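Trainee: Show me how the following folds:
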Amino acid sequence: MCRDHLLLPRRRLLGALPLLAMASAAPALLAACGQDSGPVTVRWGKENCEYCGMIIDDPRFAAQVRGGPGRKVKKFD
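Mentor: Next up, the predicted model:
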């Protein structure tokens with residue numbers, strides 16, 4: 001009888017796990033929807049690579065990363 005009593009709360013917990021997972025992921029997803037998300041415009045031939053200092057002039061080899069303090073955009077070639 002004790003065993004049947006313990007299964008009910010466990011089943012409720014297992015049923016609530018998807019809801020708990022969505023609730024814990026919601027703040028991270030909403031933070032990603034800020035104004036400082038997505039790619040920025042690259043001024044081809046006028047900006048330098050963050051790593052080597054080369055001028056970024058070919059879209060085939062260019063990349064952007066947003067991160068760090070203030071979510072600064074870093075551009076690479």
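Trainee: Low-confidence regions, this structure specifically.
Mentor: Along the chain, the parts satisfying pLDDT under 70 run over 1-8, 13, 26, 28-36.
Trainee: The protein: strands as residue ranges?
Mentor: Ranges of strands within the chain are 63-67, 72-76, based on DSSP state E.
Trainee: Please save the CA atoms from the last one in PDB.
Mentor: Looking back up the chat, that one is strand 72-76. What follows is strand 72-76, C-alpha atoms only, in PDB (Å, rounded to 0.1, in the frame of the first residue of the first chain):
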ATOM      1  CA  LYS A  72      29.700  43.300 -29.000                       C
ATOM      2  CA  VAL A  73      29.800  42.200 -32.600                       C
ATOM      3  CA  LYS A  74      33.200  40.900 -33.800                       C
ATOM      4  CA  LYS A  75      33.800  40.600 -37.500                       C
ATOM      5  CA  PHE A  76      36.300  38.200 -39.100                       C
END
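Trainee: now it and strand 63-67, what's the angle there?
Mentor: Relative orientation of strand 72-76 and strand 63-67, computed by axes from the mean of the first three to the mean of the last three Cα atoms, to 10 degrees: 160 degrees.
Trainee: gap between strand 72-76 and the chain center?
Mentor: Put simply, strand 72-76 sits 16 Å off its chain's centre (Cα atoms, centre = their mean, to the nearest Å).
Trainee: Counting neighbours, which bits of that strand end up buried?
Mentor: Residues of strand 72-76 classed as buried: 73, 75 (neighbour count, 16 or more other Cβ atoms under 10 Å). Any C-beta I mention is one placed from the backbone N, CA and C, and that applies to glycine too.
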